[in-house]
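1. let's see this in three dimensions:
(chains A and B)
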Amino acid sequence: MLATVAGLIARRAVAAIPILLAVSALLFCVLRLLPVDPAAMSLPPTATIAEIDAKRSEMGLDRPLPVQYLIWLRDALHGDFGRSIALRRDAGALVAAALPATIELAVAAMVIAAVLGVGGGLLMFHLRGTLGEPVVDFASILLLSIPEFLWGLILLFVFGVALRLLPFTGQVAPGLPLPHITGFLLVDALLVGRLDVFFSAWQHLILPAVALGLAFSPTIMRVLRSSLFDVYHEDYIEQARLRGLSEAQILLDHALKNAALPTLTLAGVQFGILFSGTLLVEVIYSYPGIGNLMVDAVRNADLPLIQAIGLTYCVVVLVINTAVDGLYVMLNPKLRVR
Amino acid sequence: MALTLRRRAFLQLAMGAAAGIGAAAPHARAAAGADAATIGWPNDVPSWDPNQRFTPDAQPIFKAVFDQPLDQDPQLKLIPHLIKSWNLAADGLSMAVELRDDVTFHNGDPMTTADFRYTFFERIHSGVKLDTANSWKKVQDIVIESPTKATMKFDSPAPTAPQWLAFLGSYMVPKKYIESQGLDNFLKNPVGTGPYRLAEYELNSRIVLERYDNYWGPKANIARVTIEIVKDPSARVAAIQSGQTDFTINVPVREAQRFQSEPGLAAELDPITRVILIQMRADLAFADKNVRLAAHHAIDKAALSKAFYGGAAVPLSVLATPGTPGYLDDFTFQYDPALAKELLAKSNFGPGNPVKIGFATTNGQFPSDYDMARAIVQMWKQVGIDADLQVIEYAKYFELNRANKLPETTLYSWDNATGDPEIFSGYQLNPKMPFSPWKDEDIGQRVLTLFGVADYDKRIAGYRDLERYAVENGATVPLLQSVVTVARKKNLAYTKYANGWVLPQTLQWS
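-> Below is the predicted model:
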């Protein structure tokens, strides 16, 4: 099985090369075609028009677009994604520093979305044909119709302002240190033995993660319920009943395993979307991840930084899809045989 | 030994858990004790090299960690700081300065004229990309006469050199430390001479400042200030309301007004040296002076202030704010829609035959910009000006202006912490500047001449004439003096600066 998964990962890695090239070229062209002037943005307001023109030439913005792209690509292959115009720091290093916070947030949110999605899906299926069905159906549609940033604001005002139960700015409480070892705060807090930092980081993670999780859970709920409906039409479910298994055993031991496969595929796709959904939630909760960085980069027309972050999103989506496919192979015996 | 270690580990775990539980308690107070405060701030610093980027919002943070050679008092009067005295030559080609001899950087190194020369001359020629390279490009050399005395030499008159020593990016940095430790280390562990030293920094998240006890000037009132970077205005409102921060700025006007009646909280709308104006072109439909003046007379600035700033923004007739040298107390440009109609009629326009113009605005670049533009469009419509409102990104502004593609009018906000008229109308009407759509030779030449006048009184008088002349010729439409909104715990006082600075070192619990 491991050999099959390893082969799949290797094939995906090779296939990712043209995808990344295409995405980087597209991103590069779109950014360069925007009617913004990075040269003017990179100079102080006292700069004259002549100085801006000189800067444009220095930045290579007066060269043909394909030449600009090839220069960028050559540098990127050497690990140089250019310098942020606004922050004048290495764009790659800025992304690398902010990425762990976003990964922590996205993983926590996905866990919440999965728990709520699977739990909600099972509940919806369990209540099928009862008076409770329209109620949970309505609840799932309501959840589906509220975007993550709105959840962010709702939770912030309810749990942060009205009830004052949870903090909602930054990663830890003022006065606590931020250890830097791996970049993943929860891990680093444990590595340095600071449980106070660990608990505080969890507290700060709860609201943004729940906001994201709530927004993405209803899709999982609804797909799981549909999959369960399909599975329940299969013969082996009827045979299981004839064997005298309880409905709970049939649901959890037989139906859920098979219904989980399409749900898993969807969860993989959702995780990619959820990752990009961190953008606004990070701004609302002052969470120092790449979403927050991206908002500033867009505001400042910081093309090198936007390019680096955009490419990072692409890599993350490719990695998630590969991981999901690997899991799919591990869970589905038919694919292992092939 | 094994038992000791286990017990120690257990104690550590227990203490950590207790702290965690403590932290889990409801959040009522941002900073523990009267010797700490937490500020919700809308933007991070661009970098910890204070010379690198001109970012107005970051100046109060830089001013906590670094010192400027000269400073401004709350009314913006230029005052000695690291420089005890200065003397700008009559021709504006040199300026002698004398530094204090009791200043140390946070690492203990004394501050001398070597640091001054390094900051304002050597660094900007060293190849490091600094915005100050632009503001100090006239510096030919800085001649050191002693550890406290030096003379700046300029290649052309620099009449606003003293103002620039207290303006954007002009912060003293340590020559010895940067040269020995390298720029990267300086950026990670910045060393200044300011009232606070940087204790902790997390990009886009928070800045922790600790009082520098060897500071040469008045010590900061609060020992530890945590600045939480909270970019979203709603989150800043929520943070102050829930007690997670003690002080914040730039909250929506209606929220600031609400906080004024909230128990335990206080809020202010402070007018500052920021001007909201309409930038004009001198061609297209605005080649006609009657149309330009009609567009100005048609705008009810008091109504705009009432609608969007709770009446706190002061209507302006010139491109300067009250209390600054270029402001004209005796000049008012009247709101007069009837006169606007008359002027338009002279050019054969009117409500039945409106003149068509373009009007660019940003949406969200400054508070209520888009809504204000929509209101102005309606005011213009009443007199016979049909404006096509176009929303542009701020980043797009420079490209459009460079390509001469901005429409006849653009709603704009202009910040000038010094209050000096050169940085108000001088920059706004200088056709060589990237943010001036006005390309008329007459006014442009007047501005360029004033850029070379070294005598302060003559220069100010020249700008005062220019302010009136520019408005009377329809070269600009000053609208309002902008406001900064402040929300805070009622018992946390601060010093109000006319340019909107909120300096951590002036905060004080009562």
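
2. roughly how far does residue B:101 sit from chain A?
-> Residue B:101 sits 32 Å away from chain A, going by Cβ to the nearest Cβ, to the nearest Å. Heads up, the C-betas are built off the backbone N, CA and C, glycines and all.

3. what's the answer for residue B:412, then?
-> On the measure of Cβ to the nearest Cβ, residue B:412 and chain A end up 12 Å apart.

4. pretty sure that residue contacts residue B:277?
-> Yes. Look at residue B:412 against residue B:277 with Cβ atoms under 8 Å: they come within range, at 5.7 Å.

5. which of these two has more residues huddled nearby?
-> residue B:412 (23 against 20; other Cβ atoms under 10 Å in any protein chain shown).

6. looking at the stretch 51-200 of chain B, which residue is nearest chain A?
-> residue B:131 (3.9 Å; Cβ to the nearest Cβ).

7. residue B:53 is in contact with that residue, correct?
-> Yes. With contacts counted by Cβ under 8 Å, residue B:131 reaches residue B:53, the gap being 5.5 Å.

8. who touches both of those two?
-> Common contacts of residue B:131 and residue B:53 (Cβ atoms under 8 Å, 6 or more residues apart in numbering or on different chains): A:44, B:169.

9. of the two, who's got more company?
-> Set residue B:131 next to residue B:53 and count neighbours by other Cβ under 10 Å: residue B:131 wins out with 25 against 22.

10. got the phi/psi numbers for that one?
-> phi -60, psi -30 (degrees, to the nearest 10).

11. look up how far residue A:8 lies from the closest residue to it other than its chain neighbours.
-> In this structure, residue B:131 finds its nearest non-sequential neighbour in residue A:44, 3.9 Å apart by Cβ to Cβ, 6 or more residues apart in numbering or on different chains. Going from residue A:44 to residue A:8 by Cβ to Cβ, to the nearest Å gives 52 Å.

12. closest to the centroid, which residue in chain B?
-> Residue closest to the mean C-alpha point of chain B, counted by Cα atoms, centre = their mean, is residue B:56 at 3.6 Å.

13. which residue packs closest to it, ignoring adjacent ones?
-> Nearest non-adjacent residue to residue B:56, counting by Cβ to Cβ, 6+ apart: residue B:415, 5.0 Å away.

14. returning to that earlier point: so is the residue nearest to residue B:131 in a helix, a strand, or just coil?
-> Per DSSP: H, G, I helix; E, B strand; the rest coil, the local secondary structure of residue A:44 is coil.

15. that one - how many residues pack around it?
-> The number of residues near residue A:44, taken as other Cβ under 10 Å, comes to 18.

16. neighbours of residue 308, how many?
-> Using chain A. With other Cβ under 10 Å as criterion, residue A:308 counts 26.

17. try chain B instead
-> Residue B:308: 20 neighbours (other Cβ under 10 Å).

18. for it, give me its contacts.
-> Counted by Cβ under 8 Å, 6+ apart, residue B:308 has contacts B:253, B:367-368, B:371-372, B:375.

19. for residue A:281, see how far away it is.
-> Distance of residue B:308 to residue A:281, computed by Cβ to Cβ: 29 Å.

20. ok, residue A:187 next?
-> Separation of residue A:187 from residue A:281 (Cβ to Cβ): 21 Å.

21. neighbour count winner among those two?
-> residue A:281 (30 against 16).

22. what sits against the residue nearest to residue B:56?
-> Per Cβ under 8 Å, 6+ apart, neighbours of residue B:415: B:56, B:273-274.

23. just the ones of the residues you listed in strands?
-> B:273-274 (DSSP state E).

24. now for residue B:201, how many residues are close by?
-> So residue B:201, with other Cβ under 10 Å, has 19 neighbours.

25. ignore the last one, residue A:222
-> 21.

26. that one is in contact with residue A:139, isn't it?
-> No. Between residue A:222 and residue A:139 there is no contact under Cβ under 8 Å: 11.3 Å.

27. before we move on, the earlier item: per-residue confidence for the residue nearest to residue B:56?
-> According to the prediction, residue B:415 has pLDDT 90.

28. which residue does the stretch 401-510 of chain B have closest to chain A?
-> Residue nearest to chain A within the stretch 401-510 of chain B (Cβ to the nearest Cβ): residue B:432, separated by 5.0 Å.

29. so what pLDDT did that residue get?
-> 81.

30. how about residues contacting stretch A:252-262?
-> Under Cβ under 8 Å, 6+ apart, the answer for stretch A:252-262 is A:122, A:223-224, A:227-228, A:230-232, A:234, A:236-237, A:240, A:245, A:328, A:331-332.

31. give me that answer again for 6 Å
-> A:227-228, A:231, A:240, A:332 (Cβ atoms under 6 Å, 6 or more residues apart in numbering or on different chains).

32. equivalent analysis for stretch B:40-59, please.
-> Residues contacting stretch B:40-59 (Cβ under 6 Å, 6+ apart): A:44, A:86-88, B:61-62, B:66, B:130-132, B:168-169, B:171, B:187, B:190, B:204, B:227-231, B:236, B:239, B:245, B:248, B:250, B:415.

33. looking at those, which are in helices?
-> B:61-62, B:132, B:187, B:236, B:239 (DSSP state H).

34. what's the farthest-apart pair in the residues you listed?
-> B:132 and B:239 (33.5 Å; Cβ to Cβ).

35. tell me the contacts of residue B:447?
-> Contacts of residue B:447 by Cβ under 6 Å, 6+ apart are B:426, B:429-430.

36. swap in residue B:71?
-> Counting by Cβ under 6 Å, 6+ apart, the residues that residue B:71 touches are B:79, B:81, B:166.

37. 8 Å instead, please
-> Here residue B:71 is in contact with B:78-81, B:166 (Cβ under 8 Å, 6+ apart).

38. got it, and residue B:410?
-> B:278-279, B:359-361, B:397, B:437.

39. go on, residue B:187?
-> Neighbouring residues of residue B:187 by Cβ under 8 Å, 6+ apart: B:47-49.

40. need the contacts of residue B:447 in JSON lines with distance to chain A, secondary structure and neighbour count, can you?
-> Listed next are the contacts of residue B:447 as JSON lines, based on distance: Cβ to the nearest Cβ, whole Å; DSSP: H, G, I helix; E, B strand; the rest coil; neighbours: other Cβ atoms under 10 Å in any protein chain shown:
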{"residue": "B:426", "distance to chain A": "11", "secondary structure": "helix", "neighbour count": "25"}
{"residue": "B:429", "distance to chain A": "14", "secondary structure": "coil", "neighbour count": "27"}
{"residue": "B:430", "distance to chain A": "9", "secondary structure": "coil", "neighbour count": "22"}
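
41. so where does the spatially most central residue of chain A fall, helix or strand?
-> Centrality entry for chain A: nearest residue to the mean C-alpha point is residue A:275, 1.3 Å, by Cα atoms, centre = their mean. Taking DSSP states H and E as the definition, residue A:275 sits inside helix A:256-284.

42. gap between that helix and the chain center?
-> 7 Å (Cα atoms, centre = their mean, to the nearest Å).

43. after it, next one along is what?
-> helix A:290-299.

44. residue B:468 touches residue B:331, doesn't it?
-> Yes. Under the criterion of Cβ under 8 Å, residue B:468 makes contact with residue B:331 at 5.6 Å.

45. so what sits against both of the two?
-> Joint contacts of residue B:468 and residue B:331 (Cβ under 8 Å, 6+ apart) are residue B:318.

46. check contacts around the residue in the stretch 201-338 of chain A that chain B sits nearest to.
-> When distances are taken as Cβ to the nearest Cβ, the stretch 201-338 of chain A reaches nearest to chain B at residue A:301, 3.4 Å away. Counting by Cβ under 8 Å, 6+ apart, residue A:301 makes contact with A:34, A:36-38, A:41, A:85, B:393, B:395.
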